[in-house]
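Novice: Pasted the sequence and its predicted model underneath.
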Amino acid sequence: MTSFTIRPFAVDDMDTCLDIFDSNVPEFFRTDERAGYISFLEKLPGPYFLVLDTSGAVVGCGGYAILDGSDTSDLCWGMVRRDRHGTGAGRALTEFRIESIREDDRVNAIALSTSQHTSGFYERLGFRVVRAKRDGYAANLDRIDMRLEFRR
């Protein structure tokens, strides 16, 4: 398994993150979601990170947000460059985010929304499906809401 480094997002990383997004269209994201992703990157609601491989190439990105007054954190816009799926980069990023969130004593759970294409990945990390809606994002792109509860 490849070793990965995770570092915080910087404004100069915008184009790299958009390239990662574009590599995952149309199977994992819809083209019309790109504007929302740009807006998200411009006004980050919480920490956002990049995953780098051993050569220093950025292969993934993702973050999280804790809503004011909530005991739940949301995983936000996690993705790995399409040609790097299956390398462990997504697992490294997700485990890093889970551990970072777990350090905040105010948070008792993590929520996320994903598609049928990645819900199994999150289930293997301990998330459980709480709601599923066929074609919830678009035709043939189901919305799967998932949750990971912490034992404190």
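Specialist: Looks like it came in fine.

Novice: The longest strand along the chain pairs with which strands, and in what direction?
Specialist: Using DSSP state E to define each element, the chain has its longest strand at strand 128-138. The pairing partners recorded for strand 128-138 under DSSP bridges are strand 141-149 (antiparallel).

Novice: Identify all contacting residues around the strand it pairs with.
Specialist: Contact with strand 141-149 is made by 30, 72, 98, 108-116, 119, 122-123, 125-137, as judged by C-beta atoms under 8 Å, 6 or more residues apart in numbering. (C-beta placed from N, C-alpha, C; glycine too.)

Novice: how about the helices in this structure?
Specialist: 14-23, 34-42, 89-102, 119-124 (DSSP state H).

Novice: Touching stretch 50-64 from outside, list them.
Specialist: For stretch 50-64, contacts defined as C-beta under 8 Å, 6+ apart pick out 2-9, 13, 16-17, 20, 44, 46-49, 73-81, 84, 87, 89-90, 92-94, 97, 100-101, 110.

Novice: That one: end-to-end distance?
Specialist: End-to-end distance of stretch 50-64 (C-alpha to C-alpha, to the nearest Å): 12 Å.

Novice: starting at the chain centroid, how far to it?
Specialist: Here the centre of stretch 50-64 is set off from its chain's centre by 12 Å, with C-alpha atoms, centre = their mean, to the nearest Å.

Novice: Quick check: pLDDT value at the most centrally placed residue in the chain.
Specialist: Central residue of the chain (C-alpha atoms, centre = their mean): Gly78, 1.9 Å from the mean position. On pLDDT, Gly78 comes in at 96.

Novice: Look up how far Ile20 lies from it.
Specialist: Computed as C-beta to C-beta, to the nearest Å, the Gly78 to Ile20 distance reads 10 Å.

Novice: and if you look at Ser70?
Specialist: Ser70 is 28 Å from Ile20, by C-beta to C-beta.

Novice: swap in Tyr137?
Specialist: Taking C-beta to C-beta, one finds Tyr137 at 18 Å from Ile20.

Novice: who has more neighbours, these two?
Specialist: Higher neighbour count among Tyr137 and Ile20: Ile20, with 24 against 18, using other C-beta atoms under 10 Å.

Novice: Wait, the more buried one touches Arg81, no?
Specialist: Yes - at 4.9 Å, Ile20 and Arg81 qualify as touching, with contact defined as C-beta atoms under 8 Å.

Novice: leaving aside the residues next to it on the chain, what's closest to Arg106?
Specialist: Here the nearest residue to Arg106 in space, its sequence neighbours aside, is Asp71; by C-beta to C-beta, 6 or more residues apart in numbering that works out to 6.2 Å.

Novice: All good on my end, thank you.
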